[in-house]
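**Student:** fold the following for me, if possible:
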Amino acid sequence: MTTTQKIQKRLNDSKAMRWTALGVVAFTMMAAYFVNDVVAPLKNMLESDLGWNSTEFGFFTGAYSFLNVFLLMLIWGGFILDKFGVRFTGKLAAILMVLGTAMEFYALEYMGDSTDTILGYKTSVAVASAGYAIFGVGAEVAGITVTKIIAKWFKGKEMATAMGVQVALARIGSQAAYSVAIPVARSFGLSMPVLIGLVLLAGGLIAFFIFSIMDKKLDKQVSEEPSIDDDEEKFSFADVKSILTNNGFWLIALLCVLFYSCVFPFQKFATELLVNKYSINESLAGTVVGLPALGALILTPIFGGIVDKKGKGASIMLLGAAMLIFVHAIYAVPMITSSWIAIILMLILGIAFSLVPSAMWPAVAKIFPSHQLGTAYALIFFIQNIGLWGVPNIIGMILDNFCVISTVGDTKMYDYTLPEITFTGIAVLSLIIAFMLKKVDKKKGYGLEESNIK
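**Tutor:** Predicted coordinates for the structure are as follows:
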């Protein structure tokens, strides 16, 4: 039997099997995104019911990335991924997400009335933040694991489309979180949305065990073949130096941190922005903030398909960054207070939110060989997490110190002009980096403008 005949027997050569594998792991990420976003629309309730302020909310939101940044947990996760593979790392990540979310639920359910403090923060803030930090380690490691799974199962096939579909399915979790958080919390209590997320994550853990059976079979098939892949070497720590000295790595990483710092931290505060500035009903505001996730659900696979068939990845990233500038600049204009404009801007943000990831993550697989992918993704996610930790803290402090308009009881009204100017400045930097990436791609020949399907 020839090598070609053996290759055709790989599990991932079956279109149905590789897309089934994607669907299984995508469910885990869907649950992770639900938990990640479900507390964001509850900012006003946290302030009125538990006595939190914007600085504490910013601290909680930034806690997601705290361990990843300061204890380098995400980088260690990348090393573990390249050393021990996607099955072990994925199950470990799912367990961490379940444990962290359980802590978060316990803090909101049982510690809300406590007057004690931990390190100067209310007990509910400190314990919820600790749980969110543990969840953040699991979620980010799960993210790089699923990305490497897609690179493994879809190599030479519909990689960008698959990554787009995975992102789209994850956005269902985000959209659901923003839509149901406030109604569920009003009806059943502040901790109930988190409990729903905990149940979903338990299902995600089971899903990863199911995927592991499929992936083990694929590895067995690959091990029985003659060695045909030049880049299927084992990871070594020398690869870290190789990654860090690559210009493409730094440009992708900087674009990633700047772009996502204008999206995820913004969404954490956006429900309050829509209520305060645009007079949108509180429950509807949560749904509106989820519109970028809904847009990504539809558009990311489409844009991924374009990248697979036509290429133009660097140009697509450039366009997405430019759209971010437009969105935040208009949000920053004080006299524009129409609710319809606010909704349209959120839809445009959804398009940008779909454009950049559909091109960015497959680009990493073009720049680095497969045995370096886990570590490359981990280092990029690590740099991204610096922004996801720092920006919410900065925005929270800006709001408390410079933007309070009025206080009614325990509820504050904020002017979001200065935070939006801050987001606009970050978006401008992302556009500059996108220009530089396109220029370097042309010089180095990474192939970011070329199609993925060969």
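**Student:** where are the low-confidence patches of the protein?
**Tutor:** 1-9, 224-237, 409-410, 452-454 (pLDDT under 70).
**Student:** show me where it has strands.
**Tutor:** 117-118, 121-122, 404-408, 411-414 (DSSP state E).
**Student:** excluding chain neighbours, what is closest to E104?
**Tutor:** G131 (3.7 Å; C-beta to C-beta, 6 or more residues apart in numbering). Every C-beta, even on glycine, is put in place using the N, C-alpha and C of the backbone.
**Student:** rewinding a little: out of the strands of the chain, deepest packed?
**Tutor:** Comparing the strands of the chain by mean neighbour count (mean count of other C-beta atoms under 10 Å), strand 121-122 ranks first with a mean of 19.
**Student:** mind giving me the packing neighbours of it?
**Tutor:** Strand 121-122 sits against helix 54-63, with contacts defined as 3 or more C-beta pairs under 8 Å, 6 or more residues apart in numbering; DSSP states H and E.
**Student:** give me the residues contacting the helix it packs on.
**Tutor:** 39-40, 43, 46-47, 52, 121-122, 125, 128-130, 132-133, 136, 265, 268, 388-397, 399-400, 412, 414 (C-beta atoms under 8 Å, 6 or more residues apart in numbering).
**Student:** among the residues you listed, which are in helices?
**Tutor:** 43, 46-47, 125, 128-130, 132-133, 136, 265, 268, 388-397, 399-400 (DSSP state H).
**Student:** can I get the buried ones among the residues you listed as something I can paste into ChimeraX?
**Tutor:** Selection of buried members from the ones in helices among the contacts of helix 54-63 for ChimeraX, criterion 16 or more other C-beta atoms under 10 Å:
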select :43,46,47,125,128,129,130,132,133,136,265,268,388,389,390,391,392,393,394,395,396,399,400
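**Student:** chain center to the longest helix seen in the chain, what's the gap?
**Tutor:** If you go by DSSP H, the chain has its longest helix at helix 73-110. The gap between where helix 73-110 is centred and where its chain is centred comes out at 15 Å by C-alpha atoms, centre = their mean, to the nearest Å.
**Student:** now do that helix against helix 54-63, angle only.
**Tutor:** Counting by axes from the mean of the first three to the mean of the last three C-alpha atoms, to 10 degrees, helix 73-110 lies at 130 degrees to helix 54-63.
**Student:** what comes up buried for helix 73-110?
**Tutor:** 73-75, 77-82, 85-87, 89-94, 96-108.
**Student:** on that earlier part again, show me what contacts the residue nearest to E104?
**Tutor:** L99, G100, T101, A102, M103, E104, F105, Y106, A107.
**Student:** same thing but at 10 Å, please
**Tutor:** Each residue near G131 by C-beta atoms under 10 Å, 6 or more residues apart in numbering is listed here: 60, 63, 99-108, 194.
**Student:** need the max-distance pair from those residues.
**Tutor:** F60 and L99 (17.3 Å; C-beta to C-beta).
**Student:** gap between L373 and T147?
**Tutor:** Using C-beta to C-beta, to the nearest Å, L373 is found at 8 Å from T147.
**Student:** swap in G23?
**Tutor:** Counting by C-beta to C-beta, the gap from G23 to T147 is 16 Å.
**Student:** higher neighbour count, the two?
**Tutor:** T147 (27 against 15; other C-beta atoms under 10 Å).
**Student:** correct me, but that one touches V364?
**Tutor:** Yes - assessed by C-beta atoms under 10 Å, T147 is found in contact with V364 at 7.9 Å.
**Student:** touching both of these two, which residues are there?
**Tutor:** Residues within reach of T147 and of V364 at once, by C-beta under 10 Å, 6+ apart, are L373, A376, Y377, I380.
**Student:** need those residues in JSON lines with neighbour count, can you?
**Tutor:** Shown next, in JSON lines, are the shared contacts of T147 and V364 (neighbours: other C-beta atoms under 10 Å):
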{"residue": "L373", "neighbour count": "24"}
{"residue": "A376", "neighbour count": "29"}
{"residue": "Y377", "neighbour count": "29"}
{"residue": "I380", "neighbour count": "26"}
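**Student:** which residues touch A329?
**Tutor:** By C-beta under 10 Å, 6+ apart, the contact list for A329 reads L345, E420, I421, F423, T424, G425, A427, V428.
**Student:** then G112?
**Tutor:** G112 touches L46, D49, L50, G51, W52, K122, T123, S124, A128, G189, L190, S191, counting by C-beta under 10 Å, 6+ apart.
**Student:** now for the nearest residue to the fifth one once chain neighbours are set aside: which residues touch it?
**Tutor:** It stands for W52. Using C-beta to C-beta, 6+ apart and skipping residues adjacent in sequence, the residue nearest W52 is L46, 4.3 Å away. L46 makes contact with 39, 52-53, 56-57, 60, 108, 112, 124-125, 128, 185, 190, according to C-beta under 10 Å, 6+ apart.
**Student:** if you set the cut-off to 8 Å instead, what comes out?
**Tutor:** Taking C-beta under 8 Å, 6+ apart as the test, what L46 contacts is V39, W52, F57, L190.
**Student:** so what's L108 up against?
**Tutor:** Contacts of L108 (C-beta under 8 Å, 6+ apart): L50, S124, A128, L190, S191, V194.
**Student:** hang on, the earlier thing: and the residue nearest to W52, how close does it get to F211?
**Tutor:** Distance from L46 to F211, by C-beta to C-beta: 35 Å.
**Student:** ditto for P334
**Tutor:** P334 is 49 Å from F211, by C-beta to C-beta.
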